[in-house]
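> 3D, please:
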Amino acid sequence: MDDTLLTHDGLSLPAPQGRILLLACGALGREILALIRANGWTHLSLHCLPAILHNTPDRIVPAVRAAIAQHRDHYDDIFVVYADCGTGGGLAAACAEMGVGMVEGPHCYAFYEGVADFAARDEATAFYLTDFLVRQFDAFVWRPLGLDRHPQLRDAYFGNYTKLVYQAQTDDAGLTEQARACADRLGLAFERRFTGYGDLQTTLGALT
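The predicted structure is shown next:
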């Protein structure tokens, strides 16, 4: 699966393949497909919106609304695999209005670690990366912030952070080294936490 496509185009399956459509962020595409295959969840199908919508969260709710309207006649149910993701409660309100469920929590970092555990840590000075964001660090962080052109702005953006926390979904030594390099580029201490799929796995496993 191509991360660049998930970032800019999302993922569209050619035809309905299950009773329940998971309408998800492209940043979760690999992980959701891995869970579907590992658990034999043949009743679940997947459609991903472009992950880069996270850089303009005001566009997430309209995109989710449009996708629900497009696909709802082809499935028994739709479940939105986004957390709040910077929509200020707008996504939850839209899902409630349209009669579809969604993942709980403020963002994917919380449900990977477990929403309750993440809240208990209360890490206001931590900057988080997942497997996907490590692979797409330049596309989501470095270039959008202009650090490729103006590296002197790094401290203005990240001066209040103390560490980069890599929430690892998989045991991949190469990704860990990439994440460590991201921390070095940002001038932050590095911490790796193996989270696996966290609440994402239990939430999707409850869909029947």
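> neighbouring contacts of stretch 195-208?
Outside stretch 195-208, the residues within contact range by C-beta atoms under 8 Å, 6 or more residues apart in numbering are 20, 22, 28, 31-32, 35-36, 39, 41, 43-44, 77, 79, 81, 103-105, 108, 110-115, 167-169. Backbone N, C-alpha and C define where each C-beta goes, glycine included.
> Verify the assumption that Arg192 is located in a helix.
No: assessed by DSSP: H, G, I helix; E, B strand; the rest coil, Arg192 does not belong to a helix; its assignment is strand.
> What are the boundaries of the helices in the protein?
Remark: helices assigned in the chain by DSSP state H are 3-8, 29-39, 60-71, 90-98, 108-113, 115-121, 131-135, 137, 154-158, 173-186, 198-205.
> center of the protein - which residue?
Centroid-nearest residue in the chain: Ala27, 4.3 Å away (criterion: C-alpha atoms, centre = their mean).
> Once you drop chain neighbours, what's closest to that residue?
Once its chain neighbours are removed from consideration, Ala27 has its nearest residue in Ala51; the separation is 4.0 Å (C-beta to C-beta, 6 or more residues apart in numbering).
> Please list all residues in contact with that neighbour.
With contact taken as C-beta under 8 Å, 6+ apart, Ala51 is in contact with 6-7, 10, 25-27, 29, 132, 136, 140.
> Filter the contacts of stretch 195-208 down to the buried ones and express that as a PyMOL selection.
In PyMOL, selecting the buried portion of the contacts of stretch 195-208, with burial taken from 16 or more other C-beta atoms under 10 Å, looks like this:
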select buried, resi 20+22+28+31+32+35+36+41+44+79+81+103+105+108+110+111+112+113+115+167+168+169
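> Would you mind putting the helices of the chain into JSON lines with mean pLDDT and distance to Asp148 alongside?
Supplementary listing: those in JSON lines, determined by pLDDT from 0 to 100; distance: least, C-beta to C-beta, whole Å:
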{"stretch": "helix 3-8", "mean pLDDT": "88", "distance to Asp148": "16"}
{"stretch": "helix 29-39", "mean pLDDT": "95", "distance to Asp148": "25"}
{"stretch": "helix 60-71", "mean pLDDT": "96", "distance to Asp148": "25"}
{"stretch": "helix 90-98", "mean pLDDT": "96", "distance to Asp148": "31"}
{"stretch": "helix 108-113", "mean pLDDT": "90", "distance to Asp148": "24"}
{"stretch": "helix 115-121", "mean pLDDT": "90", "distance to Asp148": "30"}
{"stretch": "helix 131-135", "mean pLDDT": "96", "distance to Asp148": "17"}
{"stretch": "helix 137", "mean pLDDT": "97", "distance to Asp148": "11"}
{"stretch": "helix 154-158", "mean pLDDT": "96", "distance to Asp148": "11"}
{"stretch": "helix 173-186", "mean pLDDT": "98", "distance to Asp148": "11"}
{"stretch": "helix 198-205", "mean pLDDT": "94", "distance to Asp148": "31"}
